[in-house]
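Trainee: got a predicted model here, sequence first, then my questions.
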Amino acid sequence: MTAGVIRTQRPSARQRAVGERARKSLGRRRAVNGVMLGVLATAAVITVLPLLFILGHLVTKGATSLDLAFFTHMPTPVGEAGGGMANAIVGTLIIIGLAMLFGLPVGVGAGLYLAENRGAWLANSVRFLSDVLNGLPSIVMGIFAWQFLVRPMGHFSALSGGVALGVMMIPMIARTTEEMVRTVPTSLREAALALGYARWRTGLTIVLRTASAGIVTGVLVSLARVAGETAPLLFTAFGNQFWSTSVTQPIAALPLQIFNYAISPYDDWHRLAWAGALVLIALILVISIVARVATRARFDMGSGD
Amino acid sequence: MAIEVKSELAGLADPRPANAAPAVTPERTRLAAESLDAWFGSIHAVHDISLPVREGSVMAIIGPSGCGKSTFLRCLNRMHETVSTGRVSGRVLLDGADIYDGGVNPIAVRKHIGMVFQRPTPFPTMSIRDNVAAGLRVMDGHVSRRETDAIVESALRRAALWGEVKDRLGASALALSGGQQQRLCIARALATSPRVLLLDEPTASLDPASTQSIEQLVRELRGDVTIIIVTHNMQQAARISDRTAFFLAGDLVEVAPTESLFTSPSDPRTEAYITGRFG
């Protein structure tokens, strides 16, 4: 703090020595800084390397098998050329839709509760347990859905697959919703209350609407995460070689089809598995990009053009 | 700051009751606080305040930071109790009926007593029109689209904003300037025809030009709506109010016609404050 005082005297011998030491150590500090920066940059590059590698590999292996037929045709028996994964693509969309139907209202409702009742013992317990649920292995979720849906129903079904994925989405959506709702200023809630809005109406029409762009992003991110899940579908949706859109019947799904084709001994199926993996990744990429764009739209709005 | 004020005032404590009776008897009282106390947890923020407000008049509440003036204002439309630790005792009579009566729904109270806050609070997801109409949506009975349009226009006219926004009612409310946003909030509060309008330092976050337009607006609304305005700014209180109440450390020190309060305050603490010796 005394450095701010203007010195009128010449620097003492001791001060000169300190200055000399500082000059000498500067080179060393610069070198250390450079090394550390290099280490961190390497770590950052390694982070994205697997994605680039996977994408490149999938494109080289799968792109050649991708044609219109892949999207419009049913799987063919072994040995027959052509064929596609139309049923699996539609099946995945149906399962994701069911998961949304189940996970979205519960997740958003829970998130709103967590944000508006901070400190309540129930909110604290739910927040903690939902974090635990978030970390639960997905195969456990599959077994859970099998136990409570597949067994009572007596057969595999799209519905049970959707529920399994929906349950996985709930904690992710709940935490994003909570974070987003917390960014809505108290002054906005008070403004609504002062107009004669009831608390529930303030929450639904003012708070949730204001936070909606961020919540949409969170929902899409969770959707992208569960869209590629295989393990929970093994005991629930099960897969289907035929065309089915019934929610009470076993249904095909891209991850399952990829799994089944990849472990088969046939080259044709291997190629289709690569193509399927490419389509699945593309689907997830598209969802993620839409999520990004939705987030950006939110900030544009916030700046008040 | 409040603590500083207290220590400074220890030497000149006044033995008279905090709420000396107003010199002029009101013609018709619109809103009256009676023995109102308010707490935040164990902090006693507002002490036994009785304050009647005449119909159609402008009442200004002045005082240093932390004197309880905003808390008092928030008791008048039952907003204070929305804070988790907030507690109120006493009565607030709106046209003779106690809004703290056991059977009264606070939500219904707030439909009759509008409020505008320190910072403009337009709803960011709504258009200008929808912001003004926001209060109508929770009114009893259905308001048709045509009625809504008419009310929106008249509210915006009363808030002196119509000319500036009539061509872009569908635009985002965030596109407006700070001063316009605040007038939009006033229009939103006026749209439901409240009996009383509470303004909590409405110009604290605005530039001088916007401040002037809000003050002009308050003068125009006078006689039409009963207004209670909390302000930091003594000149503002002097410019726009009929009566002024001076709060200090949770007490109502003095309430009097604005001119007499500023020219011949009856309490030495009021005099000390308005002559700039503290606050």
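Mentor: Nice, I can see it. Residues are numbered from 1 along each chain as shown, chains lettered A, B, ... in the order given.
Trainee: got the phi and psi for B:Arg91?
Mentor: With angles defined as degrees, to the nearest 10, B:Arg91 sits at phi -130, psi 150.
Trainee: does the nearest residue to it once chain neighbours are set aside lie in a helix or a strand, and which?
Mentor: The spatial neighbour of B:Arg91 that comes closest, neighbours along the chain excluded (CB to CB, 6 or more residues apart in numbering or on different chains), is B:Glu34 at 4.3 Å. Where C-beta positions appear, they are placed from N, C-alpha and C, glycine not excepted. Element membership for B:Glu34 (DSSP states H and E) is strand B:29-40.
Trainee: next one: B:His44
Mentor: Following DSSP H and E, one finds B:His44 within strand B:43-54.
Trainee: now A:Ala22
Mentor: helix A:13-62.
Trainee: around chain A, pick out the residues from the stretch 1-150 of chain B.
Mentor: Contact residues (CB under 8 Å from any CB of the partner chain) of the stretch 1-150 of chain B with chain A: B:77, B:79, B:82, B:107-108, B:110-111, B:114-115, B:117, B:119, B:121, B:123-125, B:134-135, B:138-139.
Trainee: which residues touch the spatially most central residue of chain A?
Mentor: Of all residues in chain A, the one closest to the mean position by CA atoms, centre = their mean is A:Val221, 3.3 Å from it. A:Val221 is in contact with A:172, A:176, A:288, A:291, counting by CB atoms under 8 Å, 6 or more residues apart in numbering or on different chains.
Trainee: what stretches of the stretch 51-200 of chain B score poorly on pLDDT?
Mentor: Within the stretch 51-200 of chain B, no stretch has pLDDT under 70.
Trainee: show me where the stretch 51-200 of chain B has strands.
Mentor: B:58-62, B:86-94, B:97-98, B:113-116, B:196-200 (DSSP state E, counting those that start in this stretch).
Trainee: can you map out the helices along the stretch 51-200 of chain B?
Mentor: B:69-75, B:106-112, B:128-133, B:145-158, B:162-165, B:178-190 (DSSP state H, counting those that start in this stretch).
Trainee: for B:Glu220, find the nearest of these.
Mentor: helix B:145-158 (7.8 Å; CB to CB).
Trainee: show me what the closest one is packed up against.
Mentor: helix B:128-133, helix B:162-165, helix B:178-190 (3 or more CB pairs under 8 Å, 6 or more residues apart in numbering or on different chains; DSSP states H and E).
Trainee: go again using 6 Å as the cut-off
Mentor: Contacts defined by 3 or more CB pairs under 6 Å, 6 or more residues apart in numbering or on different chains; DSSP states H and E place helix B:145-158 against helix B:128-133, helix B:178-190.
Trainee: can you lay out those helices as JSON lines showing distance to A:Gly154?
Mentor: Output for those, formatted as JSON lines (distance: least, CB to CB, whole Å):
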{"stretch": "helix B:128-133", "distance to A:Gly154": "51"}
{"stretch": "helix B:178-190", "distance to A:Gly154": "57"}
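Trainee: count the residues that sit near residue 162.
Mentor: Assuming you mean chain A. 28 (other CB atoms under 10 Å in any protein chain shown).
Trainee: try again with chain B
Mentor: 17.
Trainee: that one contacts B:Ser154, correct?
Mentor: No: when contacts are counted by CB atoms under 6 Å, B:Trp162 is not listed as touching B:Ser154 (8.6 Å).
Trainee: residue ranges of each domain in chain A, please.
Mentor: A:11-46, A:68-303 (automatic domain parsing).
Trainee: for these, which one ends up most surrounded?
Mentor: domain A:68-303 (a mean of 19; mean count of other CB atoms under 10 Å in any protein chain shown).
Trainee: pLDDT averaged over it - what is it?
Mentor: For domain A:68-303, mean pLDDT is 88.
Trainee: any idea how far it is from the chain center?
Mentor: 9 Å (CA atoms, centre = their mean, to the nearest Å).
Trainee: quick revisit: out of the contacts of A:Val221, which is nearest to B:Asp101?
Mentor: A:Thr176 (42.4 Å).
Trainee: which SS state does that closest one fall under?
Mentor: Three-state call for A:Thr176 (DSSP: H, G, I helix; E, B strand; the rest coil): helix.
Trainee: you'd agree A:Ala99 is up against A:Ala164?
Mentor: No: here A:Ala99 does not reach A:Ala164: they are 8.0 Å apart, not a contact under CB under 6 Å.
Trainee: the residue nearest to A:His73 when sequence neighbours are not counted and chain B, how far apart?
Mentor: Leaving aside its sequence neighbours, A:His73 sits nearest to A:Gly84 (CB to CB, 6+ apart; 3.7 Å). Distance of A:Gly84 to chain B, given as CB to the nearest CB, to the nearest Å: 43 Å.
Trainee: list the contacts for A:Gly84?
Mentor: By CB atoms under 6 Å, 6 or more residues apart in numbering or on different chains, A:Gly84 lies in contact with A:69-70, A:73.
Trainee: mind listing which of those are in helices?
Mentor: A:69-70 (DSSP state H).
Trainee: closest to chain B out of the contacts of A:Gly84?
Mentor: Nearest to chain B out of the contacts of A:Gly84 is A:Phe70 (CB to the nearest CB; 41.2 Å).
Trainee: got the contact list for that closest one?
Mentor: Residues in contact with A:Phe70 (CB under 6 Å, 6+ apart) are A:84, A:275.
Trainee: that one and A:Val216: what is the separation?
Mentor: In this view, A:Phe70 and A:Val216 are 30 Å apart by CB to CB, to the nearest Å.
Trainee: now do A:Gly19
Mentor: On the measure of CB to CB, A:Gly19 and A:Val216 end up 58 Å apart.
Trainee: check B:Met115 too.
Mentor: B:Met115 sits 31 Å away from A:Val216, taking CB to CB as the criterion.
Trainee: before we move on, the earlier item: for the strand holding B:His44, packing partners?
Mentor: Strand B:43-54 sits against strand B:29-40, helix B:69-75, with contacts defined as 3+ CB pairs under 6 Å, 6+ apart.
Trainee: you'd agree A:Met100 is in a helix?
Mentor: Yes: under three-state DSSP, A:Met100 falls within a helix.
Trainee: for it, which non-adjacent residue is closest in space?
Mentor: Leaving aside its sequence neighbours, A:Met100 sits nearest to A:Leu223 (CB to CB, 6+ apart; 6.8 Å).
Trainee: and after the helix or strand the one you found falls within, which helix or strand comes next?
Mentor: In the assignment (DSSP H and E), A:Leu223 maps to helix A:208-227. Under the assignment DSSP H and E, the closest C-terminal helix or strand after helix A:208-227 is helix A:231-234.
Trainee: and B:Glu254, backbone torsions?
Mentor: B:Glu254 adopts backbone torsions of phi -160, psi 140, taken as degrees, to the nearest 10.
Trainee: contacts only, for it.
Mentor: B:246, B:267, B:270.
Trainee: among those residues, which lie within helices?
Mentor: Counting by DSSP H, the contacts of B:Glu254 place B:Thr270 in helices.
Trainee: let's see if you can find the most crowded of the contacts of B:Glu254.
Mentor: B:Phe246 (28 neighbours).
Trainee: coming back round to it: make TSV out of the strands of the stretch 51-200 of chain B and add mean neighbour count.
Mentor: Listed next are the strands of the stretch 51-200 of chain B as TSV, based on neighbours: other CB atoms under 10 Å in any protein chain shown:
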stretch	mean neighbour count
strand B:58-62	27
strand B:86-94	17
strand B:97-98	13
strand B:113-116	26
strand B:196-200	24
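Trainee: reformat those strands as CSV; add distance to A:Ile206.
Mentor: Below are the strands of the stretch 51-200 of chain B laid out as CSV (distance: least, CB to CB, whole Å):
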stretch, distance to A:Ile206
strand B:58-62, 28
strand B:86-94, 20
strand B:97-98, 28
strand B:113-116, 15
strand B:196-200, 19
